[in-house]
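[1] sequence first, then the predicted structure, then my questions.
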Amino acid sequence: MWSPRPIESKLVVDTSVVPQEYVNVKMRDHKKDARMFHRLGLFLMMCCAVMMAIYILKSLAILVTTGPEETPGNKHPHAKDGAALEKRGPKMEHADSCDDPCSFVLVESFPVDMTYEDNTTTGRPLYDAWMDLLSVAKENISIASFYWSLTGADLDVNDSSSSAGEKILKELETLLMKNVSLYVATSQPSLAPKSTDLDVLKSKGAHIRRINFGNLTHGVLHTKFWIVDMKHIYIGSANMDWRSITQVKELGAVMYNCSCLAKDLLKTFNTYWDLGFPNASIPSPWPDSYSTDINQSQPLELKFNGTCSKVYFSASPSRFCPRGRTHDLSAIISTIEDAEQYLYVSVMEYFPTSRFKQPAKYWPVIDDALRRAAFNRHVQIQLLISCWMHTDPSMFAYLKSLHALNDPQANLTVDVKIFIVPVGNHTNIPFCRVNHSKYMITDKGVYIGTSNWSEDYFSSTAGVGLVISQAAPYSQSKNWTIQEQLKSVFQRDWNSKYSISIDELKEQQGCVSRSKKQ
């Protein structure tokens, strides 16, 4: 990390020596030339003085704005005097070359007792992926998360399936003892008020910031991603919750050796981190250090598993999109609009309305984009929506409205199925047994996100998305492309015993009764 040299309190420049030498040499025979050289010498000395002054001013500016570390947001630009951040965020100077090929691994979790037929496609188990990321961590880990609840005690639940989360927490404690830095940005107030996870980690040296999104945007921090050593990434639907590993169906991605993507995602992490102090306010505009050149218009070109790919991250809400950052909603709409043949969506909730505002607001942005794709371009559309104990039954009317477009004779395909995870004998565990995935796959690209599809998640709630398009979506090699993998996962769920046509569902009671029978 570069740091400016100490600046002397007074700069004295002697401008008399060189010009006087020229005068002594040329005075007798070349008075005219002497005056010219004299002026030239003065001019050169003045230029040197100006350059020195510029250097000094820039050095002072760097000291004032960033301090000794090149970390955006050491002091928030809108903070009051003296309101410096308590802990500095993760550094960015160790990012590796962007020329290294990245590897992409699709990851999933399945609720215990939920089975598929043999030889079906599955992603790498989420628990294994998280433990692997922790095993390779050498310097720092940054985690943006909705809430933390990695132990059964957090919920007063005594269930063996909580052990996976407890092992993750213990491994984080071990890394802190090995001087691996841990930075956590999480939402305040917590969805798990009894959880002591973050207190335990803080006592071991972790840096914790709780961001009050209620005050900032009237929403929550719903993001879920990891950045490890500025080159490895996890992003997906899973919360830092033991239930996400063993009691909820999740989907995400791990990317290894992607320093450029990691550095870009850290800028989004810092938009949370740098507002984690009392009375914070969202800057407008954000300082340039948060800006990005990687977006929908200019995606990063790299190789994922040997296949040429174009990649970018999106974010929401718009007030958390510094210059250059694509809004999450724009990423979803553009992915829909790029589809030419098929478009498959798996999301927990789908509402063409707001969900948490009073009065509710009609919001057909995504709904209209899907209808245009089906009607104008005859794209085959399949929606796989979740249903569980806490589903709002008003959602089904909107889904049936979309499904009503389905007309094979007019070459219109809009099919809707409901995915139900069986509860079985796990009724003692609250808020589980649901397909929590949030992704989309088309013939042109994939989108993996952290948000449900309703207005609030894009206007007031913080989330992120990963958008990938590949020049050769169908690989001729032994390695499946990302699109092939995700399409296979979707079709596995679509054709499984856990999915039923929306025509077969009798509102929410149908979810409850079926989940108990399976």
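    Sure thing, it's come through.

[2] what lies in contact with the strand or helix carrying residue 334?
    Using DSSP states H and E, residue 334 falls within helix 328-338. Identification of contacts with helix 328-338 by CB atoms under 8 Å, 6 or more residues apart in numbering yields 296, 312, 314-316, 343, 365-366, 369-370, 372-373, 440, 442, 444-447, 449, 451, 453, 457-458, 463-465, 467, 469. No exception for glycine: its C-beta is placed from N, CA and C like everyone else's.

[3] report the buried members of those residues.
    296, 312, 314-316, 343, 366, 369-370, 373, 440, 442, 444-447, 449, 451, 453, 457-458, 463-465, 467, 469 (16 or more other CB atoms under 10 Å).

[4] could I get the full set of strands for the stretch 101-250 of the chain?
    Listed in chain order, the strands of the stretch 101-250 of the chain (DSSP state E, counting those that start in this stretch) span 103-109, 124-125, 140-145, 148-149, 181-187, 207-211, 225-228, 232-236, 240-241, 250-256.

[5] scratch that, the stretch 351-500 of the chain is what I was asking about
    380-386, 414-419, 438-442, 446-449, 463-470, 499-501.

[6] give me the residue ranges of the stretch 51-200 of the chain where confidence is low.
    Across the stretch 51-200 of the chain, the ranges flagged by pLDDT under 70 are 51-98.

[7] and the helices in it?
    Under the criterion DSSP state H, counting those that start in this stretch, the stretch 51-200 of the chain contains helices at 126-136, 163-177, 197-203.

[8] residue 215 is nearest to which of these?
    Closest approach to residue 215 among these (CB to CB): helix 197-203, 19.5 Å.

[9] using PDB, list the CA coordinates for that closest one.
    The C-alpha coordinates for helix 197-203 follow below in PDB (Å, rounded to 0.1, in the frame of the first residue of the first chain):
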ATOM      1  CA  ASP A 197     -23.400 -15.700  16.900                       C
ATOM      2  CA  LEU A 198     -22.100 -12.300  16.200                       C
ATOM      3  CA  ASP A 199     -21.400 -11.500  19.800                       C
ATOM      4  CA  VAL A 200     -19.300 -14.700  20.000                       C
ATOM      5  CA  LEU A 201     -17.400 -13.800  16.800                       C
ATOM      6  CA  LYS A 202     -16.900 -10.200  17.900                       C
ATOM      7  CA  SER A 203     -15.400 -11.500  21.200                       C
END
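
[10] buried residues in that helix?
    Within helix 197-203, the residues that count as buried by 16+ other CB under 10 Å are 197-198, 200-201.

[11] for it, name the packing helices and strands.
    Packing partners of helix 197-203 (3 or more CB pairs under 8 Å, 6 or more residues apart in numbering; DSSP states H and E): strand 148-149, helix 163-177, strand 181-187, strand 207-211.

[12] tell me which of those is the most buried.
    Neighbour counts (mean count of other CB atoms under 10 Å) averaged over each of the helices and strands packed on helix 197-203 peak at strand 148-149, with a mean of 26.

[13] that one pairs with which strands?
    Sheet pairing of strand 148-149 (DSSP bridges) gives strand 240-241 (parallel).

[14] ok, back up a step: so can I have JSON lines of the strands of the stretch 101-250 of the chain showing distance to residue 436?
    Putting the strands of the stretch 101-250 of the chain into JSON lines (distance: least, CB to CB, whole Å) gives the following:
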{"stretch": "strand 103-109", "distance to residue 436": "9"}
{"stretch": "strand 124-125", "distance to residue 436": "15"}
{"stretch": "strand 140-145", "distance to residue 436": "14"}
{"stretch": "strand 148-149", "distance to residue 436": "14"}
{"stretch": "strand 181-187", "distance to residue 436": "17"}
{"stretch": "strand 207-211", "distance to residue 436": "22"}
{"stretch": "strand 225-228", "distance to residue 436": "15"}
{"stretch": "strand 232-236", "distance to residue 436": "9"}
{"stretch": "strand 240-241", "distance to residue 436": "10"}
{"stretch": "strand 250-256", "distance to residue 436": "5"}
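
[15] highest mean neighbour count out of the ones you listed?
    Among the strands of the stretch 101-250 of the chain, ranked by average contacts under mean count of other CB under 10 Å, first place goes to strand 240-241 (a mean of 28).

[16] what lies in contact with that strand?
    Taking CB under 8 Å, 6+ apart as the rule, strand 240-241 contacts 143, 145-150, 165, 168, 192, 197, 224, 248.

[17] any low-confidence regions in the stretch 351-500 of the chain?
    472-478.

[18] the same query, at a cut-off of 90, please.
    Applying pLDDT under 90 to the stretch 351-500 of the chain picks out residues 358, 471-480.

[19] that one: helices as residue ranges?
    For the stretch 351-500 of the chain, the helices defined by DSSP H, counting those that start in this stretch cover 365-377, 395-403, 456-459, 482-494.
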